[in-house]
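Student: mind looking at a prediction? Sequence and model below.
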Amino acid sequence: MNITFGGERGELVYGTCEVSIPRYHQVGQLESPSIWKLEFREDPAKHVMVMSVKTLPKELYFAQLSTAIAGSRKRSAFVFVHGYNVSFEDAARRTAQMSYDLGYGGIPVFFSWPSQASVAAYTVDEQNIEWAEKGLRSFLEDVLTRSGTSEVILVAHSMGNRGLTRAMGSLLAKNPSLAAKVKEIILAAPDIDADVFKDTIAPALIAAQRPITLYASSKDLALTASKDVHGYARAGDAGPGLVIIPGIETVDATLVDTSLLGHSYIGDSRSVISDMTALVLDGTRADKRSGLKLVNGSGGRYWSFKP
């Protein structure tokens, strides 16, 4: 990989990545070198790794994207926006891994904003996702209008939800006709003030009348830390403050197997990936997905993963 992108702000750059998926890849895994296996360097036969990065002029990028989508099984684009503490390389790896695990028949795309890829740089990332919103809105508009796609699935994780939700809210308000191409909006572990989300952000998305799924968890230690920093609950928290809004299907992922921090279940958990497969590939709503059960809570109905 000769081209790298770090945490500095800059002009919007377009391009393609080639990412390896090992033959014996396990669902939900981002296989990397392990010292326990005496692996000291990346091997595409064993690891999910970025093989190459190629930048392209904007016109050529969208011409190639349009050709790829036209030749794909679903004529669809899967757009992923990563969260806090994620490098460009890891965003590329996660996008490829999720698309592969979902058995997605369209073209995976990701928008990388200048995260510092550092636990200690949380507040810097907060400023940068806000700064990146304008570029993300422009990119999403171009994907919807210039790629030739018949449908777009939008997925954001963690702090990336701040950029995606605000960009799409303003974009769809400006051009409501674009909503017809949005098949699904998936908000995973959104690190957004829950009250701001309910009062300001969600209404703009719901007005477009497109399907929206929100995954939340009460075992998400990263969002617990964010709540401590900001003083208020996050939209990705479950428990008593679970966000339940008509027009959004909320799924409580507290019961799924998670990583140590319980924050990356959108890509790590087999249960969540299985649930997303039915959602992404077939548009199956929560009441028809076999791994979920309906819960009638005090704030309204939502869904939870079965034990």
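Tutor: In hand now; what should we look at?
Student: rest of the way, CA atoms for contacts and neighbours
Tutor: Fine.
Student: now do the helices in the stretch 201-307 of the chain.
Tutor: Under the criterion DSSP state H, counting those that start in this stretch, the stretch 201-307 of the chain contains helices at 202-206, 221-230, 265-268, 270-282.
Student: count of neighbours near residue 264?
Tutor: Using other C-alpha atoms under 10 Å, residue 264 is surrounded by 19 other residues.
Student: now swap in residue 131 and tell me
Tutor: 15.
Student: that one in helix, strand or coil?
Tutor: For residue 131, the assignment made with DSSP: H, G, I helix; E, B strand; the rest coil gives helix.
Student: do you know the pLDDT at it?
Tutor: According to the prediction, residue 131 has pLDDT 98.
Student: same question for residue 20.
Tutor: Note on residue 20: pLDDT of 97.
Student: got the phi and psi for it?
Tutor: The phi/psi pair for residue 20 (degrees, to the nearest 10) reads phi -80, psi 140.
Student: one more: residue 14?
Tutor: According to degrees, to the nearest 10, residue 14 has phi -110, psi 150.
Student: for it, give me its contacts.
Tutor: 55-58, 61 (C-alpha atoms under 8 Å, 6 or more residues apart in numbering).
Student: please tell me which one of the residues you listed counts the most neighbours.
Tutor: That'd be residue 61 among the contacts of residue 14, by other C-alpha under 10 Å, with 17 neighbours.
Student: which of the contacts of residue 14 fall within helices?
Tutor: Counting by DSSP state H, those place 58, 61 in helices.
Student: can you redo the contacts of residue 14 as TSV with pLDDT and distance to residue 78?
Tutor: Below are the contacts of residue 14 laid out as TSV (pLDDT from 0 to 100; distance: C-alpha to C-alpha, whole Å):
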residue	pLDDT	distance to residue 78
55	96	20
56	97	20
57	98	21
58	97	19
61	98	16
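Student: tell me the one of the contacts of residue 14 nearest residue 92?
Tutor: Closest approach between those and residue 92, by C-alpha to C-alpha: residue 55, at 13.9 Å.
Student: now name the helix or strand holding the nearest residue to that closest one once chain neighbours are set aside.
Tutor: Nearest residue to residue 55 in three dimensions, chain neighbours excluded: residue 15, at 4.0 Å (C-alpha to C-alpha, 6 or more residues apart in numbering). Assessed by DSSP states H and E, residue 15 sits inside strand 14-20.
Student: can you list the strands that that strand pairs with?
Tutor: strand 49-56 (antiparallel) (DSSP bridges).
Student: contact partners of the partner strand?
Tutor: For strand 49-56, using C-alpha under 8 Å, 6+ apart, the contacting residues are 1-4, 13-21, 32, 42-44, 89, 92-93.
Student: which stretch in the helices of the stretch 201-307 of the chain has the least confidence?
Tutor: Mean pLDDT, when computed for each of the helices of the stretch 201-307 of the chain, is lowest for helix 265-268, at a mean of 89.
Student: would you mind measuring from the nearest residue to residue 66 once chain neighbours are set aside to residue 187?
Tutor: Nearest residue to residue 66, sequence neighbours excluded (C-alpha to C-alpha, 6+ apart): residue 147, at 4.4 Å. For residue 147, the distance to residue 187 equals 23 Å [C-alpha to C-alpha, to the nearest Å].
Student: who has more neighbours, those two?
Tutor: Legend: neighbour count by other C-alpha under 10 Å for residue 147 and residue 187, higher for residue 187 (28 against 22).
Student: which strand residues bridge the more buried one?
Tutor: Here residue 187, judged by DSSP bridges, has bridge partners residue 156, residue 214.
Student: quick one: residues contacting it.
Tutor: Contact analysis of residue 187 by C-alpha under 8 Å, 6+ apart lists 155-157, 161, 212-215.
Student: now render those as JSON lines, adding pLDDT and distance to residue 222.
Tutor: Shown next, in JSON lines, are the contacts of residue 187 (pLDDT from 0 to 100; distance: C-alpha to C-alpha, whole Å):
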{"residue": "155", "pLDDT": "98", "distance to residue 222": "19"}
{"residue": "156", "pLDDT": "98", "distance to residue 222": "16"}
{"residue": "157", "pLDDT": "97", "distance to residue 222": "12"}
{"residue": "161", "pLDDT": "98", "distance to residue 222": "14"}
{"residue": "212", "pLDDT": "98", "distance to residue 222": "23"}
{"residue": "213", "pLDDT": "98", "distance to residue 222": "20"}
{"residue": "214", "pLDDT": "98", "distance to residue 222": "17"}
{"residue": "215", "pLDDT": "97", "distance to residue 222": "14"}
